[in-house]
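K.L.:
Okay, predicted coordinates and the sequence, questions at the end:
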Amino acid sequence: MHTLVIGGGLAGLAASVLLARHGVSVTLVEARPRLGGRAASFRDSTTGQWIDLCQHVAMGCCTQLLQFFRSLGLQRYLAKQERLVFLTRDGRRSYFRADPWPAPLHLSRALLAAHYLTPAEKFRVLRGLNALLRCDPQDDQPLEPWLRTHGQTDRTIRRFWNTVLVSALNDSVTALGRKYARKVFVDGFLRQRDGWVVYLPVVPLDRLYGDELRLFFARHNVAVRCQTRVRRLLMDPHAPRVVGAELRDGTVLQADHYVVAVPFQCLTDLLPPSVFDQFPCFAAVRQLQPSSITSVHLWYDRPILPWPHAVVVDGVCQWLFRRVSNSHDEDAPSPGSCVKTSGGSGAWADGGGERYPIRWPTAETKTHYLQVVISASTPWRSIGHAGLQQEVIQELKQLLPAARTARLLHSRVVTEHAATFRPLPGVDRYRPGQATPLYNLTLAGDWTDTGWPATMESAVRSGYLAAQVVLNRMGRPVCLNLS
Ligand SMILES: Cc1cc2nc3c(=O)[nH]c(=O)nc-3n(C[C@H](O)[C@H](O)[C@H](O)COP(=O)(O)OP(=O)(O)OC[C@H]3O[C@@H](n4cnc5c(N)ncnc54)[C@H](O)[C@@H]3O)c2cc1C
């Protein structure tokens, strides 16, 4: 029995891993040159450095993602952050860390220490959290009116709820449904002690999901074909089943089972209109809406962020990451996010409205790479990448004293317009399950029905669930415990 997995993002990777572990013969096809999908890296032409399209963060509550890493020996590439740093534009900061008390008390002192809320606001926030913990987990009414009826003000919404939720769910509190907002707080902060702990990859994502996974696949006879785009799936005219996957060059790949693990907006290209007309679960996917994330990559001549990361409260920037050693490269920079290479490009970089000639890179030049992440970035579209970068640079000067005198050597802004689906109220009615009415077609992807918002955790869960459906349909039932 052979399975064709279409899409080499985390969902397709997880499905392939589980199928391969059960001895199923798998071919994995990916349209791009690299595996990893949205969690991928690219080589910056100026620095020669492998950089991630965007920093990807895992949390302690992402149990299946962390298990996926552990099972493949990848956890050694993750740095556990047991302290979060919160910054405000007045230059003040507070540290968020757990006490050795049972959940949810373990974080109460951290909340009380938050410098960006007044004592009365902290009381309001605690009241809101308490109400959230007690409400129906499945009820997905609009969040903002609910927060207001539970004592939240403009300031607590901006400074507390938005700070956590915009980066976790990639949408603003004014648009979100209550279900996934509740999940973020309950799973991340209230139910278990380690749910909030953040894990940062210490190698480019391309190494994590590309090179390391390829080794596993080579050992488990999974055929990986990158730069192989499926143009469409061919349907049996007499039965609800797929008979082949036609590639761009007209070649047809055939398998007993097909796992489609592409982003939701690509599904329409693969399936014929008749399938959407006949089966409402496919048609519903068209109602999902995308939300964008922008990352601003900045290279300075000196360190400006004294911690591995920082969370910005009520700012343009949301998360700052000081990236560590880029050991993926042959000519990798030494640890500490310094690039040391030879040759010079004489490129120009924008910095604070002025234009600096940069000597890049020289043997003597040490650079310090900072990544700024702005989730739900669609409202910034009107000022363009250059305008947004200026806003970020100005804000960094308010947040970090070292940024006022540091020289910006190089910069890059990347926007992923369809970064995630928007978790609007009631969104789950548009998310299909992994099993479809087509006998040998299974869906995977962070947008399928996993009970999670669009995250790496959701992608891995969907891949496991899709593999489970395939194995069941092959008559080799497996029981997954995805709690
Ligand atoms: C900027 C950004 C920041 C993010 N930050 C975080 C974070 O910090 N933490 C977190 O948990 N999540 C984060 N996410 C979300 C996370 O990246 C996704 O939820 C997850 O990677 C989705 O995996 P997937 O396999 O479902 O889809 P994808 O990664 O999109 O994979 C689908 C793959 O299918 C391929 N494909 C499409 N069409 C075809 C075709 N016709 N033939 C063959 N292949 C095809 C695509 O090239 C792609 O590789 C972020 C996303 C973005 C964009």
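P.N.:
That came through fine.
K.L.:
Up against the ligand, what does the stretch 201-350 of the chain have?
P.N.:
Residues of the stretch 201-350 of the chain found near the ligand, taking C-beta under 6 Å from any ligand atom as the criterion, are 229-230, 261-263, 266, 270, 293. In this view, the C-beta of every residue, glycine as well, is placed from N, C-alpha and C.
K.L.:
at 5 Å instead, please
P.N.:
By the rule C-beta under 5 Å from any ligand atom, the part of the stretch 201-350 of the chain lying against the ligand is 229-230, 262-263, 266, 293.
K.L.:
Now tell me which helix or strand of the chain has the poorest mean pLDDT.
P.N.:
When the helices and strands of the chain are scored by mean pLDDT, DSSP states H and E, strand 348-351 comes last with a mean of 29.
K.L.:
Which helix or which strand is home to the nearest residue to Leu320 once chain neighbours are set aside?
P.N.:
In space, not counting the residues next to it along the chain, Leu320 is nearest to Ala310; the distance is 4.6 Å by C-beta to C-beta, 6 or more residues apart in numbering. Assigned by DSSP states H and E, Ala310 falls within strand 309-312.
K.L.:
Which other helices and strands does the helix ranked longest in the chain contact?
P.N.:
When the chain is scanned for its longest helix (criterion: DSSP state H), the result is helix 456-473. When contacts are defined as 3 or more C-beta pairs under 8 Å, 6 or more residues apart in numbering; DSSP states H and E, helix 456-473 sits against helix 10-21, helix 63-71, strand 257-260, strand 441-443.
K.L.:
Show me which residues of it are buried.
P.N.:
Neighbour-count burial for helix 456-473, with 16 or more other C-beta atoms under 10 Å as criterion, is recorded at 456-471, 473.
K.L.:
one step back: mind putting the helices and strands packed on helix 456-473 into TSV with mean pLDDT?
P.N.:
Formatted as TSV, these follow (pLDDT from 0 to 100):
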stretch	mean pLDDT
helix 10-21	98
helix 63-71	97
strand 257-260	98
strand 441-443	98
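K.L.:
Could you point out which of those sits nearest Val85?
P.N.:
Val85 lies closest, by C-beta to C-beta, to one member of the helices and strands packed on helix 456-473: helix 63-71, at 22.4 Å.
K.L.:
Contacts for the helix or strand immediately after the closest one in the chain next, please.
P.N.:
Downstream of helix 63-71, the next assigned helix or strand under DSSP H and E is strand 78-81. The set of residues external to strand 78-81 that reach it, using C-beta atoms under 8 Å, 6 or more residues apart in numbering, is 58, 69, 197-202, 308-309, 324.
K.L.:
near the ligand too, which of the buried residues of helix 456-473?
P.N.:
With C-beta under 5 Å from any ligand atom as the criterion, the subset of those in contact with the ligand comprises 456, 459.
K.L.:
quick one on the thing from earlier: off-centre distance for the strand holding Ala310?
P.N.:
On the basis of C-alpha atoms, centre = their mean, to the nearest Å, strand 309-312 sits 17 Å off its chain's mean C-alpha point.
K.L.:
which strands and helices sit next to it?
P.N.:
The helices and strands touching strand 309-312, judged by 3+ C-beta pairs under 8 Å, 6+ apart, are strand 84-87, strand 319-322, helix 384-399.
K.L.:
Most tightly packed of these?
P.N.:
Between those, strand 319-322 has the highest mean count of neighbours, a mean of 22, where neighbours are mean count of other C-beta atoms under 10 Å.
K.L.:
Name the surrounding residues that touch the helix or strand encompassing Asp277.
P.N.:
When secondary structure is defined using DSSP H and E, the element that contains Asp277 is helix 273-278. Taking C-beta under 8 Å, 6+ apart as the criterion, the residues outside helix 273-278 that touch it are 235, 240, 268, 282-283, 286, 438.
K.L.:
Export only the CA atoms of it, formatted as PDB.
P.N.:
Extracted in PDB, the C-alpha atoms of helix 273-278 (Å, rounded to 0.1, in the frame of the first residue of the first chain):
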ATOM      1  CA  PRO A 273     -15.200  22.200  -9.000                       C
ATOM      2  CA  SER A 274     -17.600  19.100  -8.900                       C
ATOM      3  CA  VAL A 275     -16.100  18.000  -5.600                       C
ATOM      4  CA  PHE A 276     -16.800  21.400  -4.000                       C
ATOM      5  CA  ASP A 277     -20.300  21.300  -5.400                       C
ATOM      6  CA  GLN A 278     -21.000  17.800  -4.200                       C
END
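K.L.:
Let me know the pLDDT of Thr47.
P.N.:
We have a pLDDT of 86 for Thr47.
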